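>>> Quick one, fold the following:
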Amino acid sequence: MAGGGDGGSATKRAAKLGGETWKSFTEDEKKVYRDIAARLMEKRNKETDDAEEKQAADEAEDNDEVENKEDAPKW
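Prediction:
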């Protein structure tokens, strides 16, 4: 088993400790992390949008090449 063969209990302990720590934070302390998460999510969304736009442009270019197939030499 991965993780030392403990059946995931180390993962459970880490998750429990993380939850307890989060609950102990004040709203001001939580805000710092929420703001970081919001910035990272915004960055990820922009990167995803950029990648989707590039993919759409590449597909449109590929389609143009297929449509212009008549111009290609006949072998």
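>>> Tell me the pLDDT of the most centrally placed residue in the chain.
Nearest to the geometric centre of the chain sits Arg44, at 6.0 Å (Cα atoms, centre = their mean). Looking at Arg44, its pLDDT is 95.
>>> again with Gly3
51.
>>> Same check on Gly18?
Looking at Gly18, the pLDDT reads 97.
>>> Need phi/psi at it.
When quoted as degrees, to the nearest 10, the phi and psi of Gly18 stand at phi -60, psi -40.
>>> circling back: do you know how far the residue nearest to the centre of the chain is from Lys31?
20 Å (Cβ to Cβ, to the nearest Å). C-beta coordinates here come from the backbone N, C-alpha and C atoms, glycine included.
>>> before we move on, what about Asp62?
Counting by Cβ to Cβ - Asp62 and Lys31 are separated by 46 Å.
>>> before we move on, the earlier item: quick one: the residue nearest to the centre of the chain from Phe25, how far?
Taking Cβ to Cβ, one finds Arg44 at 24 Å from Phe25.
>>> Could you do Leu40 as well?
Distance from Leu40 to Phe25, by Cβ to Cβ: 18 Å.
>>> And for Arg39?
Counting by Cβ to Cβ, the gap from Arg39 to Phe25 is 18 Å.
>>> remind me, longest helix of this structure?
helix 27-67 (DSSP state H).
>>> gap between that one and the chain center?
9 Å (Cα atoms, centre = their mean, to the nearest Å).
>>> what about Gly8, how many neighbours?
12 (other Cβ atoms under 10 Å).
>>> low-confidence ranges in the protein?
1-7, 65-75 (pLDDT under 70).
>>> repeat that with 90
1-8, 54, 56-75 (pLDDT under 90).
>>> and the angle for whichever strand or helix holds Arg13 with helix 27-67?
Element membership for Arg13 (DSSP states H and E) is helix 9-24. On the basis of axes from the mean of the first three to the mean of the last three Cα atoms, to 10 degrees, helix 9-24 is oriented at 120 degrees to helix 27-67.
>>> if I look at Glu29, how far off is Thr48?
Taken as Cβ to Cβ, the span from Glu29 to Thr48 is 29 Å.
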